[in-house]
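# The following block contains a protein sequence and its predicted model.
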Amino acid sequence: MVKDENERDGRYNPAAIEPKWQARWDADPALYAAEGHDSGKPKYYCLEMLPYPSGQLHMGHVRNYSIGDALARHMWMRGYNVLHPMGWDAFGLPAENAALKNNTPPREWTLKNIAAMKTQMRRMGLSYDWANEVTTCLPDYYRWNQWFFLKMFEKGLAYRKKSKVNWCPDCQTVLANEQVINGRCWRHEETIVELRDLTQWFLKITKYADELVEGLDKLEGWPEKVRTMQRNWIGRSEGALVDFAVDGASAVTAGPSTSPSTHSVRSGSVQDDTCKAITVFTTRVDTIFGATSVQLAPEHAVAKAFAAEDAELAAKVEALLEEQKKARESDALGAIEKHGVNTGRFAVNPFNGVKVPIWVGNYILADYGTGAIMSVPAHDERDFEFATKYGLEIKRVIAPKDGGEPELPFTAEEDAVLINSGEWDGLGCVDAQQKLSSLAKEQGFGEPTVTYRLKDWGVSRQRYWGTPIPMVYCQNGHAGVEAGGVVALPESALPVLLPEQIEITQEGGSPLGKVADFLNTTCPVCGGPAKRETDTMDTFVDSSWYFYRYTDAKDSTVPFASEKANYWFPIDQYIGGVEHAILHLIYSRFWTKVMRDLGLIKNDEPAERLFTQGMVIKDGAKMSKSKGNVVSPDLMIEKYGADATRMYALFAAPPDRDLEWQEEGVAGISRFLGRVHRLATKYAELVREGQSPQLASRTQTDQKLLRKLHQTIAKVTQDFGGRWHFNTSIAAIMTLINEIVATEAAMDAGEVSPAAVAEIFRNLVLLLAPFAPFFAAEMWEQMGGEGVVFRAAWPVADEDLARENEIEIPVQVNGKLVNVVKVAAGSNDDAVKAAASSDEKVKARIEGKTVVKVIVVPNKLVNLVVK
RNA sequence: GCCCGGAUGGUGAAAUCGGCAGACACAGCGGACUUAAAAUCCGCAGACCUUAACCGGUCGUGGGGGUUCAAGUCCCCCUCCGGGCACCA
């Protein structure tokens, strides 16, 4: 066998080391296998977000997995029973696009990509427990999506309704609100999302809106940023509903209503007759005496009813609606020029009986609150602007507690009181909000309420490559189900398999509708002809609960055994990109609560701690094909090895910050590993020798090196425990190596005992193990370490050995550094003071001046204040 | 407009609790080794002033103010960059 040049001269050669260990690890599936709940060890669930199998890992993945892998390995070494799984978020549109392009079936394309990426992950040396691998596009997984769907349908959490939905013309499918970013598709930055009226399946995430908001306060292990984003997204606002009676209501006949949200959401109220009253939602009911108009959304049922009787008004309302629609589609809703039209009708303020005009405004949204507001120009900026434009009355009803007439609009509610509000004058605004809404409830014309920005999750997708929705439409109907009505399949009919032979097209409508064998079925209740639902589920359904499946991935009788999930959950540490702050991370919290209420699990939240890593950028921009700044992980690994690539990803920046990829930096890490390799190899024999009984006495050099070692252990251990600033951990290890290099001559001269050499190198390798696993395994073996390095106990810093016996104290005069003096560690203040003031440089500096004060910060600094 | 981050040498960054600003690297420069180069090893390295050189000095963490014996760090105001939300009643 011909050895390559590097190997021959004993140099660090990752190309030889890494495949050797990879082969050994691949042959030993037990190496990273999670143990059972009876392991006797504390559990630790370490999870990285599962990738979409595009076929190629990118640097973002490398960074994500390097962080997670270091943590998992560290926790193993700390004696935990670690679950560290991986899987594939394998449904989704790219597979269909690839099918169109290359004429490859989506399943084949996806599985091929998974195989390729798995190879890359193994090449990286990632410590995954492949026995629990999850692939979401396979029936043994997606059947449980269907199972959950049926459970939710049973509980009324899955329902069908016609509504305005987001439609991406490029994807040819509906999108959830969360998948629309700045009015554009999350997959197509250039594509403006259209609004369409479609009947779709929804999951009732709004039922958990309150709990989803409240839970955020308890998620202390989550980044504040993510919590804030979710809070904003859910958009909880407390306020009141108030009914304004429509003046002369009997004259108007109610028109057909199309949008359920324009009804009053209160029970026992006005649903019976649309046009008797208008229910407004307000967060400032305290200002209601200042209401000078009621404003309706163009789609509001009352607006429609008025329009039905008045062709001129109808045209104007239609124009307003058009403007709103346009603005919404071009994402200019926030900048829409406010227009309104007076309907000529009046509504009665129930608090004071005052009649106010009813307007229709293009800025009023039908799908927020009740689609109707009371306009209080004096105390709301938007209302003020509108009233000024159209010459509506402006009535001041709030004033500062301390008096005065501030410029309008005056919107404060703290330290402000009611005026011109009848018997309520003088009451604080915040109190008034409570009292007025309670009164409204007593009197039956309103109530306190809470409104959310969050909408139910639309999960229907008109695409092929996703989980079939397990519903059929009974063609003839039967008792309780009209012809064409929805019938849920029984559990025994699961899984509803995706047909394999299929022609994928981009022409609207689900491709499944064209597969007769799939489409035509029988009704599970009456046995008559039935058509299957041809939409598939949003892929975010798949990722909402995949991490539970990891605890019991092979079970074919349940989604997972509760006992197993209850042992492993909550996830101790979840690691991924911040781009999922709203989408995946809110859906999976919702799913967890549903599963809890189904009695499957006990935890309220999926993950105890969440870490969002920064992006990997190159030349100042996010890596992307179009910018041509993509760095291939494969190429880096080929050139420098997996260890150096991974270590660089951790060294170049703290993990939560963006990381600028510089190849020279990877080369630097490689050089560093080369130095360690040279030393460890050189002293391997001494290490093996030194592992026998320790010498009683230590040389001075021993002490110096051991001090540095234990300081390093303390530093690295601390970083794992708290901040995860692995860049500083690795820097500390480099400093230790520099110290060893500087002591090399002394070591060669026999001034360092074998016991000390053994302790230093043994621990050095342990410290490197989470960051450079191939390298650590190789060195461990070379030095005669026992067993697997990743199961060796994590080193413990010895405080006594780490302590300095002499420390350098900077001496300042009036806060300016003058010199540094050496004192024995633990010297008392007086001794330090004496040392400082007897220093020549310090003396020169204070010559002829009076020392007013001496500040001694123990072990830190001395500052002489002079005049 | 509102809410989160962030700004430190040529570059990535460090300074974790108010106590030596720039650890550790990258790039650069000088040297050793070499016929030469690569690799490796040793050394220099914030800016400016002063000096033949040493020595010495001043300034310096986006800008301005403040608190303090002492501020990258705390407080107030402002600028710029990144992200999120946005007529949400």
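Arrived safely.
# wait, A:Asn420 sits on A:Ala291?
No: between A:Asn420 and A:Ala291 there is no contact under CB atoms under 8 Å: 11.9 Å. C-beta coordinates here come from the backbone N, C-alpha and C atoms, glycine included.
# Name the residue in the two with the higher neighbour count.
Neighbours per residue (other CB atoms under 10 Å) separate A:Asn420 from A:Ala291, with A:Ala291 holding more: 30 against 15.
# wait, what's in contact with that one?
A:Ala291 makes contacts with A:349, A:354, A:356, A:374-376, as judged by CB atoms under 8 Å, 6 or more residues apart in numbering.
# what pLDDT does it get?
We have a pLDDT of 95 for A:Ala291.
# separation between it and RNA strand B?
10 Å (CB to the nearest atom of the strand, to the nearest Å).
# A:Ala621 too?
Distance from A:Ala621 to RNA strand B, by CB to the nearest atom of the strand: 10 Å.
# On the three-state scheme, the residue lying closest to that residue once chain neighbours are set aside is what?
Nearest residue to A:Ala621, sequence neighbours excluded (CB to CB, 6 or more residues apart in numbering): A:Lys627, at 5.6 Å. Under DSSP: H, G, I helix; E, B strand; the rest coil, A:Lys627 falls in the coil class.
# how about the residue nearest the centre of chain A, what does it touch?
Residue closest to the average C-alpha location in chain A (CA atoms, centre = their mean): A:Ala581, at 3.1 Å. By CB under 8 Å, 6+ apart, the residues touching A:Ala581 are A:225-226, A:229-230, A:612.
# which of the residues you listed are buried?
Buried members of the contacts of A:Ala581, scored by 16 or more other CB atoms under 10 Å, are A:226, A:229-230, A:612.
# How confident was the prediction at A:Gln179?
Per-residue pLDDT puts A:Gln179 at 81.
# An error on my part: the question was meant for A:Gln506.
Listed pLDDT for A:Gln506 reads 65.
# Equivalent analysis for A:Arg8, please.
At A:Arg8, the pLDDT recorded in the model is 44.
# residue contacts, the nearest residue to A:His339 once chain neighbours are set aside?
Nearest in space to A:His339, with sequence neighbours left out and distances taken as CB to CB, 6+ apart, is A:Asn362 at 4.8 Å. A:Asn362 sits next to A:298, A:320-321, A:323-324, A:327, A:336, A:338-340 when contact means CB under 8 Å, 6+ apart.
# ok, and the most crowded of these?
Sorting the contacts of A:Asn362 by how many neighbours each has (other CB under 10 Å) puts A:Pro298 first, at 27 neighbours.
# what are the ranges of the helices in the stretch 601-750 of chain A?
Ranges of helices in the stretch 601-750 of chain A, per DSSP state H, counting those that start in this stretch, are A:633-640, A:642-651, A:663-682, A:684-690, A:700-721, A:726-742, A:744-748.
# what does the stretch 151-300 of chain A give?
With DSSP H, counting those that start in this stretch, the ranges of helices along the stretch 151-300 of chain A come out as A:209-218, A:224-234.
# Could you say which one of the ones you listed comes nearest to RNA strand B?
Checking the helices of the stretch 151-300 of chain A against RNA strand B by CB to the nearest atom of the strand gives helix A:224-234 as the closest, at 3.5 Å.
# Figure out how far the closest one is from the centre of its chain.
Distance of helix A:224-234 from its chain centroid, counting by CA atoms, centre = their mean, to the nearest Å, is 10 Å.
# can you check stretch A:290-297 too?
On the basis of CA atoms, centre = their mean, stretch A:290-297 sits 39 Å off its chain's mean C-alpha point.
# Would you mind writing the CA trace of it as PDB?
Taking Å, rounded to 0.1, in the frame of the first residue of the first chain, the C-alpha atoms of stretch A:290-297 are listed here in PDB:
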ATOM      1  CA  GLY A 290     -66.000  61.500  21.700                       C
ATOM      2  CA  ALA A 291     -67.200  59.200  18.900                       C
ATOM      3  CA  THR A 292     -68.400  61.300  16.000                       C
ATOM      4  CA  SER A 293     -68.900  58.600  13.400                       C
ATOM      5  CA  VAL A 294     -69.000  54.900  12.900                       C
ATOM      6  CA  GLN A 295     -66.800  53.500  10.100                       C
ATOM      7  CA  LEU A 296     -67.500  50.300   8.300                       C
ATOM      8  CA  ALA A 297     -65.300  48.000   6.200                       C
END
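# Please identify the buried residues of it?
Buried residues in stretch A:290-297 (16+ other CB under 10 Å): A:290-297.
# and if you look at stretch A:721-732?
Buried residues in stretch A:721-732, defined by neighbour count with 16+ other CB under 10 Å: A:724-730, A:732.
# again, but for stretch A:579-595
Neighbour-count burial for stretch A:579-595, with 16+ other CB under 10 Å as criterion, is recorded at A:580-595.
# Turn the helices of the stretch 151-300 of chain A into TSV, including distance to A:Val796.
Output for these, formatted as TSV (distance: least, CB to CB, whole Å):
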stretch	distance to A:Val796
helix A:209-218	33
helix A:224-234	33
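# Quick one: closest of those helices to A:Asn166.
Proximity to A:Asn166 (CB to CB) singles out helix A:224-234 among those, at 15.3 Å.
# and the closest one, does that touch RNA strand B?
Yes: using CB under 7 Å from any atom of the strand, helix A:224-234 reaches RNA strand B at A:224-225, A:228-229, A:232-233.
# Report the contact partners of the closest residue to A:Ala327 other than its chain neighbours.
Take A:Ala327 and drop its neighbours on the chain: the residue closest to it by CB to CB, 6+ apart is A:Ile336, 4.2 Å away. Contact analysis of A:Ile336 by CB under 8 Å, 6+ apart lists A:323-324, A:327, A:362-363.
# can I get these in TSV with distance to A:Lys622?
TSV is the format used below for the contacts of A:Ile336 (distance: CB to CB, whole Å):
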residue	distance to A:Lys622
A:Glu323	36
A:Gln324	34
A:Ala327	30
A:Asn362	37
A:Tyr363	35
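# on that earlier part again, mind putting the contacts of A:Asn362 in JSON lines, distance to A:Gly125 and pLDDT included?
As requested, these are exported to JSON lines (distance: CB to CB, whole Å; pLDDT from 0 to 100):
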{"residue": "A:Pro298", "distance to A:Gly125": "60", "pLDDT": "92"}
{"residue": "A:Leu320", "distance to A:Gly125": "62", "pLDDT": "92"}
{"residue": "A:Leu321", "distance to A:Gly125": "59", "pLDDT": "89"}
{"residue": "A:Glu323", "distance to A:Gly125": "58", "pLDDT": "87"}
{"residue": "A:Gln324", "distance to A:Gly125": "55", "pLDDT": "85"}
{"residue": "A:Ala327", "distance to A:Gly125": "52", "pLDDT": "79"}
{"residue": "A:Ile336", "distance to A:Gly125": "55", "pLDDT": "75"}
{"residue": "A:Lys338", "distance to A:Gly125": "60", "pLDDT": "86"}
{"residue": "A:His339", "distance to A:Gly125": "63", "pLDDT": "89"}
{"residue": "A:Gly340", "distance to A:Gly125": "65", "pLDDT": "92"}
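# out of those, which touch RNA strand B?
Among the contacts of A:Asn362, RNA strand B is touched by A:336, A:338 when using CB under 7 Å from any atom of the strand.
# Out of the contacts of A:Asn362, the closest to A:Arg123 would be?
Using CB to CB, the shortest approach to A:Arg123 within these belongs to A:Ala327, at 50.6 Å.
# anything in stretch A:631-650 sitting right up against RNA strand B?
No: figure legend: stretch A:631-650 not in contact with RNA strand B (CB under 7 Å from any atom of the strand); closest approach 8.3 Å.
# average pLDDT for that stretch?
When pLDDT is averaged over stretch A:631-650, the result is 95.
# who does A:Ile809 bridge with?
Note on A:Ile809: beta-bridge partners A:Val821, judged by DSSP bridges.
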